[in-house]
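Colleague: Sequence and computational prediction follow.
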Amino acid sequence: MKRIGTIAGVLLVFILICACQKISIPKLEQIPFLDNIIKPEPKYHNERISLLNTDILLAIDTLDAAREGTLDSFPYARIDSDSTVTVADTKSPGPFSVRKIGIVKYEMSYDDTKHLATVTETRDNLGRLDLRSNRLVYTAREPNNQETKAIVRHIKKSLKYTAGMRKEVKEANQRAIKEFQKRHGLIPDGIIGTKSAKMYSRKAKVLDVKELSSSIIYPTKPRSTFFILSYETVAGAPDQFNQGYASLDAVKQHALSADEFKKLAAPGSRFVLFLYFLDRVSPDKAVQMCLSKSENRKTKSLSPAKYALPGVWPVITEILSIDDAMGEASLYVNVYIKKLIIDDCIASHRIM
């Protein structure tokens, strides 16, 4: 089944073509989320882009389809035996929807070959973030008869996903579609029927892909969320809590607030700490946790180093035993990425 992210993007392209519009995209350095990642080294020189036309939007949607593993059924891109396609991890749990896009570069060669490089951040319904460095080298052309029919089928199939759009978006879509229909001598009813779809397909482009790549970016400071549960709760139903992200709802439901933890934190009591990473963690970086009365401060109670598997969003659990009375002091769980000289505190979660 097609994922909503790519379909929504293609429908956006349709609306833009209908309205003869372009989209404004901020420059790379104006996007705050890029501050937390290792920026990819572009192979081509950076070029300032203030407006994106539908050609570039289709290129972005092609990269999105590749990430989702649906490129074979995406009618706007042609992959053949001469195409070079390298996509890391197309089997991620999902669906993921695009949240932010940074344009690293866009330029065109003398033979009309276009080079697009992007950085994207997508998110699934569990809050996990997928950061990627993407590159596409392509040429754009008019679709042939067979491709036109495939685009028409794709448009019709995509229409069922518009039901969840916000009211104002639907109204804007209707206006743009009616304008398109009126301009091309069609009945301006705002409905994308066979005639409207065929007319659009004649205006669409097909990208002949020469090179496509999408690689995972591991943030320098991966984001995380934290929960603490009583040991008895976890021990009473271990299968309910030891399934990683599949157990997230159960963990949230039984998580203790700071006040609840304080009441239960008597000498001899035990708890289970759950650290869910929202970003992927580089498999060559060790993660450790410690308890501290101060935020971002390392103590001797540092947990053993743990490493993430490549391409996953790790979940770390640790058992906390209370030996002494906690008193009224604050208590933090500080998370560190181990480095050669100075370990980097990437998160500090207050539990009391």
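Modeller: In hand now; what should we look at? Numbers count the residues shown, from 1 in each chain.
Colleague: domains for this structure, by residue range?
Modeller: Per automatic domain parsing, the structural domains of the chain span 4-216, 224-350.
Colleague: Including mean neighbour count and mean pLDDT, could the ones you listed go into CSV?
Modeller: (Each C-beta comes from the backbone N, C-alpha and C, glycine too.) Output for those, formatted as CSV (neighbours: other CB atoms under 10 Å; pLDDT from 0 to 100):
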stretch, mean neighbour count, mean pLDDT
domain 4-216, 17, 74
domain 224-350, 16, 90
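Colleague: Across the sheet, point out what pairs with the residue nearest to the spatial centre of the chain.
Modeller: The centre of the chain sits closest to residue 122, judged by CA atoms, centre = their mean, with a distance of 1.4 Å. Beta-bridge pairing for residue 122 (DSSP bridges): residue 98, residue 130.
Colleague: what about it, distance to residue 60?
Modeller: 12 Å (CB to CB, to the nearest Å).
Colleague: and what of residue 73?
Modeller: In this view, residue 73 and residue 60 are 17 Å apart by CB to CB.
Colleague: secondary structure class for the residue nearest to residue 298 when sequence neighbours are not counted?
Modeller: In space, and not counting its chain neighbours, residue 298 is closest to residue 290: 5.9 Å by CB to CB, 6 or more residues apart in numbering. Recorded secondary structure, residue 290: strand (DSSP: H, G, I helix; E, B strand; the rest coil).
Colleague: Go ahead and confirm residue 290 touches residue 302.
Modeller: Yes. Counting by CB atoms under 8 Å, residue 302 is a contact partner of residue 290 at 4.5 Å.
Colleague: what do those two both touch?
Modeller: By CB atoms under 8 Å, 6 or more residues apart in numbering, residue 290 and residue 302 have these common neighbours: residue 336.
Colleague: Now name the helix or strand holding residue 346.
Modeller: strand 344-350 (DSSP states H and E).
Colleague: Other residues contacting that strand?
Modeller: 220-224, 226, 258, 275, 295-296, 298, 330-337.
Colleague: wouldn't the residue nearest to the centre of the chain be in contact with residue 129 here?
Modeller: Yes. Residue 122 is in contact with residue 129 according to CB under 8 Å; the separation is 7.2 Å.
Colleague: that older thread, parallel or antiparallel, list what pairs with the strand holding residue 346.
Modeller: So strand 344-350, judged by DSSP bridges, has these partners: strand 332-337 (antiparallel).
Colleague: Tell me where this protein has helices.
Modeller: 4-19, 54-68, 145-158, 167-183, 194-203, 231-236, 238-241, 248-254, 258-264 (DSSP state H).
Colleague: I appreciate the help and will end here.
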